[in-house]
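[1] no letters, just coordinates:
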């Protein structure tokens with residue numbers, strides 16, 4: 001390597017990440033990409049649900065409709081509550097994570113780093 005190559009910022013960065021890059025697996029890379037995509041999709045869903053709530057609540061406040069939010073809450077929880085205890089708990093979240101991970105790692109070689117990559121993708125900008 002010439003001195004010109006050594007001063008290249010990309011080469012310097014690659015030299016710094018070499019120990020970590022060796023540990024990257026296909027599973028961790030697709031996990032990161034899946035996490036980043038899930039974050040974007042989650043934001044979009046949050047905007048849609050938030051806008052829907054604003055519209056319904058505005059109509060309710062104006063007297064056009066009547067909404068029983070307690071019933072909406074109970075029905076929503078009943079749909080996603082796996083253990084049937086009437087509340088969303090860590091056990092419910094673990095159950096859904098297990099299902100998602102099983103689907104996303106199905107037949108993926110070296111999927112061992114998927115979870116870590118997924119979490120890192122969720123935290124990325």
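    Nice, thanks for sending it over. Only a predicted model underlies this, so the values are computations on that prediction, with no experimental measurement involved. Numbering: from 1, shown residues only.
[2] and stretch 79-91, how far out from the chain middle?
    19 Å (CA atoms, centre = their mean, to the nearest Å).
[3] can you name the residues in contact with it?
    Applying CB atoms under 8 Å, 6 or more residues apart in numbering, the contact partners of stretch 79-91 are 77, 78, 92, 95, 96. All C-beta atoms are positioned from the backbone trio N, CA, C, and that covers glycine.
[4] which sections of this structure are below the confidence cut-off?
    1-6, 19-23 (pLDDT under 70).
[5] mind giving me the packing neighbours of the longest helix seen in it?
    Longest helix of the chain, by residue count under DSSP state H: helix 26-61. Applying 3 or more CB pairs under 8 Å, 6 or more residues apart in numbering; DSSP states H and E, we find helix 26-61 packed against helix 90-104, helix 114-123.
[6] that helix to helix 114-123, inter-axis angle?
    Here helix 26-61 runs at an angle of 50 degrees relative to helix 114-123 (axes from the mean of the first three to the mean of the last three CA atoms, to 10 degrees).
[7] and the next helix or strand past helix 26-61?
    On the C-terminal side of helix 26-61, the closest following helix or strand by DSSP states H and E is helix 69-80.
[8] tell me the gap between that next one and the middle of its chain.
    Centre to centre, stretch against its chain (CA atoms, centre = their mean), the figure for helix 69-80 is 23 Å.
[9] rewinding a little: can you put the contacts of stretch 79-91 in a markdown table and add distance to residue 56 and neighbour count?
    Listed next are the contacts of stretch 79-91 as a markdown table, based on distance: CB to CB, whole Å; neighbours: other CB atoms under 10 Å:
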| residue | distance to residue 56 | neighbour count |
| --- | --- | --- |
| 77 | 18 | 14 |
| 78 | 20 | 10 |
| 92 | 25 | 17 |
| 95 | 29 | 15 |
| 96 | 26 | 11 |
